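Visitor: Sequence first, then the predicted structure:
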Amino acid sequence: MTPPRRWVPYRAKLTARAQSLRRDPTPAEKKLWYEFLCDLPHKFTRQKPLGSYVTDLYCSRAGLVIELDGDSHFTDRALAYDATRTAALESRGLRVIRLTNLDVLQNFESACAAILHALEDLPSA
(Lines give C-alpha, C1' and ligand atoms only; values in the text may rest on other atoms or scores of the structure.)
Protein backbone atom coordinates (compact mmCIF):
# COMPACT_ATOMS: atom_id res chain seq x y z
CA MET A 1 0.00 0.00 0.00
CA THR A 2 1.49 3.32 -1.06
CA PRO A 3 0.94 6.18 1.39
CA PRO A 4 -0.64 9.35 0.02
CA ARG A 5 1.71 11.93 -1.43
CA ARG A 6 2.51 14.59 1.09
CA TRP A 7 4.03 17.97 0.55
CA VAL A 8 6.61 19.12 3.05
CA PRO A 9 7.90 22.66 2.57
CA TYR A 10 11.58 22.96 1.79
CA ARG A 11 13.59 25.72 3.43
CA ALA A 12 16.48 26.75 1.18
CA LYS A 13 18.24 28.25 4.22
CA LEU A 14 18.87 24.70 5.46
CA THR A 15 20.63 23.52 2.29
CA ALA A 16 24.15 24.52 3.34
CA ARG A 17 23.70 22.89 6.76
CA ALA A 18 22.40 19.69 5.16
CA GLN A 19 25.35 19.57 2.75
CA SER A 20 27.77 20.04 5.62
CA LEU A 21 26.15 17.20 7.57
CA ARG A 22 26.30 14.91 4.51
CA ARG A 23 30.03 15.57 4.16
CA ASP A 24 30.73 14.67 7.80
CA PRO A 25 28.44 11.78 8.83
CA THR A 26 28.61 10.18 12.26
CA PRO A 27 29.97 6.62 12.49
CA ALA A 28 26.41 5.36 13.06
CA GLU A 29 25.12 7.21 9.98
CA LYS A 30 27.96 5.80 7.86
CA LYS A 31 27.36 2.25 9.05
CA LEU A 32 23.60 2.36 8.53
CA TRP A 33 23.92 4.00 5.12
CA TYR A 34 26.71 1.92 3.59
CA GLU A 35 25.91 -1.43 5.19
CA PHE A 36 22.13 -1.39 4.91
CA LEU A 37 20.15 1.50 3.44
CA CYS A 38 22.01 1.96 0.16
CA ASP A 39 21.10 -1.64 -0.82
CA LEU A 40 17.37 -1.38 -0.06
CA PRO A 41 14.89 -1.00 -2.91
CA HIS A 42 13.42 2.02 -1.10
CA LYS A 43 15.35 5.17 -1.88
CA PHE A 44 16.61 7.08 1.15
CA THR A 45 18.08 10.57 1.26
CA ARG A 46 20.66 11.58 3.83
CA GLN A 47 20.36 14.88 5.72
CA LYS A 48 17.14 15.99 4.05
CA PRO A 49 15.71 19.44 4.88
CA LEU A 50 12.02 18.97 5.73
CA GLY A 51 10.08 21.90 7.06
CA SER A 52 12.18 23.61 9.72
CA TYR A 53 14.47 20.62 10.29
CA VAL A 54 17.25 18.64 8.66
CA THR A 55 16.36 14.99 9.10
CA ASP A 56 19.06 12.32 9.29
CA LEU A 57 17.54 9.87 6.79
CA TYR A 58 14.35 10.17 4.76
CA CYS A 59 12.41 7.90 2.43
CA SER A 60 9.87 10.04 0.59
CA ARG A 61 7.96 7.10 -0.87
CA ALA A 62 7.37 5.66 2.59
CA GLY A 63 7.04 9.02 4.30
CA LEU A 64 9.58 7.69 6.78
CA VAL A 65 12.11 9.73 8.75
CA ILE A 66 14.89 7.95 10.63
CA GLU A 67 16.58 9.97 13.33
CA LEU A 68 19.84 8.74 14.87
CA ASP A 69 20.36 10.11 18.36
CA GLY A 70 23.76 10.47 19.97
CA ASP A 71 24.68 11.40 23.55
CA SER A 72 23.65 15.03 23.12
CA HIS A 73 20.02 13.94 22.66
CA PHE A 74 19.59 12.65 26.21
CA THR A 75 19.42 15.88 28.21
CA ASP A 76 16.02 17.16 29.33
CA ARG A 77 16.27 20.08 26.93
CA ALA A 78 17.25 17.87 23.97
CA LEU A 79 14.50 15.34 24.73
CA ALA A 80 11.93 18.15 24.73
CA TYR A 81 13.31 19.53 21.44
CA ASP A 82 13.25 16.07 19.85
CA ALA A 83 9.63 15.55 20.97
CA THR A 84 8.64 18.88 19.40
CA ARG A 85 10.53 18.02 16.22
CA THR A 86 8.93 14.58 15.99
CA ALA A 87 5.45 16.03 16.54
CA ALA A 88 6.04 18.66 13.83
CA LEU A 89 7.16 16.03 11.30
CA GLU A 90 4.31 13.67 12.21
CA SER A 91 1.80 16.52 11.81
CA ARG A 92 2.86 16.58 8.14
CA GLY A 93 1.94 12.90 7.76
CA LEU A 94 5.47 11.54 8.17
CA ARG A 95 6.43 8.59 10.34
CA VAL A 96 9.46 9.12 12.56
CA ILE A 97 11.53 6.37 14.09
CA ARG A 98 14.32 7.22 16.47
CA LEU A 99 17.33 4.97 16.95
CA THR A 100 20.33 5.66 19.13
CA ASN A 101 23.84 5.58 17.77
CA LEU A 102 24.45 2.66 20.14
CA ASP A 103 21.47 0.81 18.58
CA VAL A 104 23.16 1.06 15.20
CA LEU A 105 26.72 0.40 16.33
CA GLN A 106 26.07 -2.37 18.87
CA ASN A 107 22.69 -3.87 17.86
CA PHE A 108 22.87 -3.40 14.11
CA GLU A 109 20.52 -6.26 13.21
CA SER A 110 17.82 -4.94 15.57
CA ALA A 111 18.16 -1.43 14.16
CA CYS A 112 17.81 -2.76 10.62
CA ALA A 113 14.81 -4.88 11.66
CA ALA A 114 13.09 -1.78 13.09
CA ILE A 115 13.54 -0.01 9.75
CA LEU A 116 12.31 -3.01 7.77
CA HIS A 117 9.27 -3.24 10.03
CA ALA A 118 8.46 0.41 9.29
CA LEU A 119 8.75 -0.30 5.56
CA GLU A 120 7.05 -3.72 5.42
CA ASP A 121 3.63 -2.52 4.26
CA LEU A 122 5.09 -0.74 1.27
CA PRO A 123 5.69 -2.15 -2.21
CA SER A 124 9.27 -2.36 -3.46
CA ALA A 125 10.60 0.75 -5.17
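Guide: Here it is on my side, so go on. Numbers count the residues shown, from 1 in each chain.
Visitor: Please identify the residue most distant from the middle of this protein.
Guide: residue 76 (21.3 Å; C-alpha atoms, centre = their mean).
Visitor: What's the separation between that residue and residue 56?
Guide: Residue 76 sits 22 Å away from residue 56, going by C-beta to C-beta, to the nearest Å. Just so you know, the C-beta spots here come from the backbone N, C-alpha and C atoms, and that holds for glycine as well.
Visitor: Could you do residue 90 as well?
Guide: Residue 90 is 16 Å from residue 56, by C-beta to C-beta.
Visitor: Might you list the low-confidence residue ranges for the protein?
Guide: The chain contains residues with pLDDT under 70 at 1-12, 16-22, 71-74, 121-125.
Visitor: Now the residue nearest to the spatial centre of it. Its backbone dihedrals?
Guide: What sits nearest the mean C-alpha location of the chain, by C-alpha atoms, centre = their mean, is residue 66, with 2.3 Å. For residue 66, the backbone dihedrals (degrees, to the nearest 10) come out as phi -110, psi 120.
Visitor: number of nearby residues for the nearest residue to it once chain neighbours are set aside?
Guide: Closest residue to residue 66 apart from its sequence neighbours, by C-beta to C-beta, 6 or more residues apart in numbering: residue 57 at 4.0 Å. Other residues near residue 57 number 21, with proximity taken as other C-beta atoms under 10 Å.
Visitor: Does residue 57 lie in a helix or a strand, and which?
Guide: Following DSSP states H and E, one finds residue 57 within strand 53-59.
Visitor: what sits against the residue nearest to residue 66?
Guide: 29, 32, 33, 37, 44, 45, 46, 48, 65, 66, 67, 68 (C-beta atoms under 8 Å, 6 or more residues apart in numbering).
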